[in-house]
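[1] Give the three-dimensional model of this entry:
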Amino acid sequence: MNQYQMGVVETHFADIVWENEPLSSTELVSKSFEVLGWKKSTTYTVLRRLCEKGILKNTDAVVTSVISKDQYFEAQSRKYVDDLFGGSLPAFVAAFSSRQKLTSKEIDELRKMIDGQEEANGEDIS
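    Sure, this is the predicted structure:
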């Protein structure tokens, strides 16, 4: 999953593609100038880099994503939990909520996610 790492600026660039794909490389240059203030050469340099990382592809001057925005952020989230918390999601949640209490809404959302996982795993949640 290391290949899927992007910096903040690269992520903003990928957002342009994710929000507008498929788009021609000419459209991408125009949108990159509009949103990021980039010149054509900068756009093509970053596009090439993200194609090499396997995040985007440029086929016949049509730019699309190889992985979705959700897939990218899921991979990054998993890597973060793996690297910093030894893969322990409970340790991550404990660290996250140690300084700032979770709201009732957040707790309810977490319960729903856990219940959904239990159901998906075929476990009895009663």
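
[2] Please give the element, helix or strand, for the residue minimising distance to the centre of the chain.
    For the chain, the residue sitting closest to the mean C-alpha position, by C-alpha atoms, centre = their mean, is F73 at 2.5 Å. In this structure, F73 is located in helix 69-85 according to DSSP states H and E.

[3] Flag every buried residue along that helix.
    The neighbour-count check on helix 69-85 (16 or more other C-beta atoms under 10 Å) flags Y72, A75, V81, F85 as buried. From N, CA and C alone the C-beta is placed, and that goes for glycine too.

[4] what does stretch 5-16 give?
    Along stretch 5-16, these residues count as buried under the neighbour rule (16+ other C-beta under 10 Å): M6, E10, T11, F13, A14, I16.

[5] All the strands of the chain, in order from the start?
    Along the chain, counting by DSSP state E, strands occupy 23-24, 56-59, 62-65.

[6] For L89, which of those strands is the nearest?
    Smallest distance to L89 across those (C-beta to C-beta): 26.7 Å, for strand 62-65.

[7] Name every strand pairing with that closest one and say which way it goes.
    In the sheet containing strand 62-65, the strands it pairs with under DSSP bridges are strand 23-24 (antiparallel), strand 56-59 (antiparallel).
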